[in-house]
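1. Turn this into a structure:
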Amino acid sequence: DDHGDEDREGHDDHGDEDREGHDDHEGHDDHSADEIPFDPHSWLDPLSFKAQIDVVLNAFITAFPSGEDTFTANAEAYKSKLDTLANGFESAFGENGTCSVEKTVVANHNAYSYLAQRYDIEFVTVHGLDPEGEPSAENIAEVVEKITEDEITVFFVEEYTDISSVDSIVSQTGVTILYLYTMEMAPSTDGEDYLSLMQKNLDNLITGLGC
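-> This next block holds a predicted model:
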């Protein structure tokens, strides 16, 4: 999927510390896109992605009516896999989840509003380390300063974040780096897909939060 044409300003124009966590939610199934500030990354919540499958399914059936049974069976099988993935997030970050106490994540990209809302996770964005660019020395210095000032111990970065910049930050701060995969570009490793990368996201979030 090519997301290069999406409005980047929607997730880059924020303050130095964007807090995407949400409170006062009675459940995890009543969230609508209208409640979330502009964020195109809806697929990073398995249940939001699941809802999109029905849109694609209906379009396929309309275009190729003879394939309705096959399309429907494939869609149901894939939605079952998404349910399993979503159950993993619920077990970790739901109301009675293993990570229900500490749910603050420090990352370098504002891409997680849907996860933040559904599971009441707070994502704090440290700017200066653009996952799609080559940060300057000044940018790196800003990130180092923020990590040091806030005593950040785990910093989540995206798959394609400049590795030399990451290494520099680690050497200067000792922070632990973990990865989150937004899937805005093709996976860097063969054999990966949405399900495997979202499982890595779940595993890394659990590791980073110590739960």
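2. residue furthest from the geometric center of the protein?
-> Using Cα atoms, centre = their mean, the residue of the chain lying farthest from its centre is residue 66. It sits 36.4 Å away.
3. Worst mean pLDDT across the helices and strands of the protein, which element?
-> When the helices and strands of the chain are scored by mean pLDDT, DSSP states H and E, strand 17-19 comes last with a mean of 41.
4. how close does the nearest residue to residue 182 once chain neighbours are set aside sit to residue 44?
-> Nearest in space to residue 182, with sequence neighbours left out and distances taken as Cβ to Cβ, 6 or more residues apart in numbering, is residue 111 at 4.9 Å. C-beta coordinates here come from the backbone N, C-alpha and C atoms, glycine included. With the distance defined as Cβ to Cβ, to the nearest Å, residue 111 ends up 6 Å from residue 44.
5. what does residue 80 give?
-> Applying Cβ to Cβ, the value for residue 80 to residue 44 is 19 Å.
6. Find residues that contact each of residue 111 and residue 44.
-> In terms of Cβ atoms under 8 Å, 6 or more residues apart in numbering, residue 111 and residue 44 are both contacted by the residues residue 182.
7. which residues in the protein form helices?
-> Remark: helices assigned in the chain by DSSP state H are 46-63, 68-93, 113-119, 137-149, 163-173, 194-208.
8. Where does pLDDT dip in this structure?
-> Along the chain, segments meeting pLDDT under 70 span 1-38, 188.
9. neighbours around residue 103, how many?
-> Neighbour count of residue 103, defined by other Cβ atoms under 10 Å: 19.
10. so what's the backbone phi/psi at the closest residue to it other than its chain neighbours?
-> Excluding its sequence neighbours, the residue lying closest to residue 103 (Cβ to Cβ, 6+ apart) is residue 121, at 4.6 Å. Backbone geometry at residue 121, expressed as degrees, to the nearest 10, gives phi -90, psi 140.
11. Looks like residue 121 contacts residue 115 (just checking).
-> Yes. In this structure, residue 121 is within contact of residue 115 by Cβ atoms under 8 Å, at 5.9 Å.
12. who's more crowded, the two?
-> More crowded of residue 121 and residue 115, by other Cβ under 10 Å: residue 115, with 24 against 21.
13. And that one, how far from residue 148?
-> 27 Å.
14. ditto for residue 184
-> Using Cβ to Cβ, residue 184 is found at 29 Å from residue 148.
15. sorry, back to before: between residue 80 and residue 44, which one's more packed in?
-> residue 44 (23 against 11).
16. List the contacts of the more buried one.
-> 111-112, 114-115, 182-183, 198, 201.
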